[in-house]
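>>> model this:
(chains A and B)
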Amino acid sequence: MAETRKYTLSKTERLNRRTLIERLFGGGGKSLPAFPLRAVYMQVEKEEFPSVSILISVPKKRFKRAVKRNRIKRQIREAYRKNKDILQVPLKESGKKIAVAFIWIDNELHESVKVEAKVKKLLQLIAERLS
RNA sequence: GCAGUCGGCCGGUCUGUCGCUGAUGCCUUUCGGCAGAAGAGGAAAGUCCGGGCAACGCAGAGCAUCCUACUUCCUAACAGAAAGCCGCCCGCGAGGGCGGAGCAAUGCAGAAGAAAACAACCGCCUCCCCCCUGCGGGAGGCAAGGGUGAGAAGGUGGGGCAAGAGCCCACCAGCCGUGCAGCGAUGUACGGGCUGUGCAUCUUAGGAGUUGUAAGGUCAUGUAAACCGGCGCCAACGAGGGUUGCUCGCCCCACGUCGGAGGGUAGACCGCUGGAGUCUGGCGGCGACGCCAGACGUAGAUAAAUGACAGACGCCCCUGCCUCCGUGCAGGGUGACAGAACCCGGCUUACAGGCCGUCUGCUUCU
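Residues are numbered from 1 along each chain as shown, chains lettered A, B, ... in the order given. The predicted structure follows:
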């Protein structure tokens, strides 16, 4: 059951409420750097949300071409998909729910392996802060 | 064979693991669950033109503003395409590039030059005057020469003349007329007269409502004024408001009552993909393209899916080896530009590498 499906990442786990996003960036979230990434997260209470909602952002200012922005988003999404247990397991136990935004803060592309390592590190950091 | 030219096309393929969006089907009382077709480009890009579609506006007239500009033709339409015409430029060549309405009036180019259209600075010629000796002075004629300029009063040569001049002649360029060819731009033959260039305002001809799918619509929550429509009654004046930027012109105004539904915030759904569609064949046309027949069903995301990782093959490149050419082997590199956002037709720009055909030049062999 849950063990065979644990690497999915469906639409419901994505952060898409405009008001929530504005709250997250408007000062409600806490920031954690891990170059070339930065994570912004905060706790949410609403019933219908999953335990973790994520958002990935690559500023247009950093990469003019959409192809490169998409490439980075996909790398981050894959990294999160493979390692999301790091956050989800402790959160399910504690009953807390959070929203996380990953923001790219470099001007260059990186290899997928390195991106995954940084994402892992960020997830562990957030898990520690929340416990 | 090498170098080029024009036109067309491609721009990886396969396997595995883990995922994303999901037509549709099945299960379930419901919530929901399971399976799962299909899933980026030639430019999806820039958003520069043109349309479809949608909302709003619109009695009408004039002016202003903006766009287009050789001809014919294609198209839903275009500033695009096709076939041609004229001029200039590049290339040995196949070919390629740039430009194209008009000049009546006004202005600018114009700081150059004597002069930019009623041309006399130097110069050439004739006549007269001073002591006709210098070559001094005066009156007149002359656009051939000099220098300036993109352009100098059509060009070259000859005749002619005091010197000159389309003054006359031949050829050439332009303009006008006629004939011929062409649908036409235009070409060509003959005749005539005797002729400055570019740009802008302007003139001529044709055309143009505004805003863009974040348009716009539906649903759920739901109250009063305001808003809209009908009816009744009142006022009818001049301020005001509306009507495309302006003018004329036109329209509306207060009150009561009945009915309708609105605005803001966040969300879901529709719009949302079957369309000027793609492919094949036939016919017509030099061609863009059109007509007919058949087949196909081909992305619909929304903080925005169409992927990540690993391997194999192919292509090409680099390095080394096999005596050399050819070829083969081994190792390394996986590649360019680039991501749909309502949909089409174009334009422009970016692009590793490769394929097919046309023609041109050079070279080798027979």
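>>> how about the strands in chain A?
Applying DSSP state E to chain A gives strands spanning A:30-34, A:37-44, A:52-57, A:97-104.
>>> A:L87 is nearest to which of those?
strand A:52-57 (5.4 Å; CB to CB). Glycine gets a C-beta too; all of them are placed from N, C-alpha and C.
>>> Give the other helices and strands that the closest one contacts.
Secondary-structure packing of strand A:52-57 (3 or more CB pairs under 8 Å, 6 or more residues apart in numbering; DSSP states H and E): helix A:66-83, helix A:85-94, strand A:97-104.
>>> List of residues touching that strand?
For strand A:52-57, the surrounding residues in contact (CB atoms under 8 Å, 6 or more residues apart in numbering) are A:13-15, A:20-21, A:24, A:44, A:73, A:76-77, A:80, A:84, A:87-88, A:91, A:97-104.
>>> before we move on, back to that, ok, which of the helices and strands packed on strand A:52-57 comes nearest RNA strand B?
Distance to RNA strand B, taken as CB to the nearest atom of the strand, is lowest for helix A:66-83 among the helices and strands packed on strand A:52-57, at 3.4 Å.
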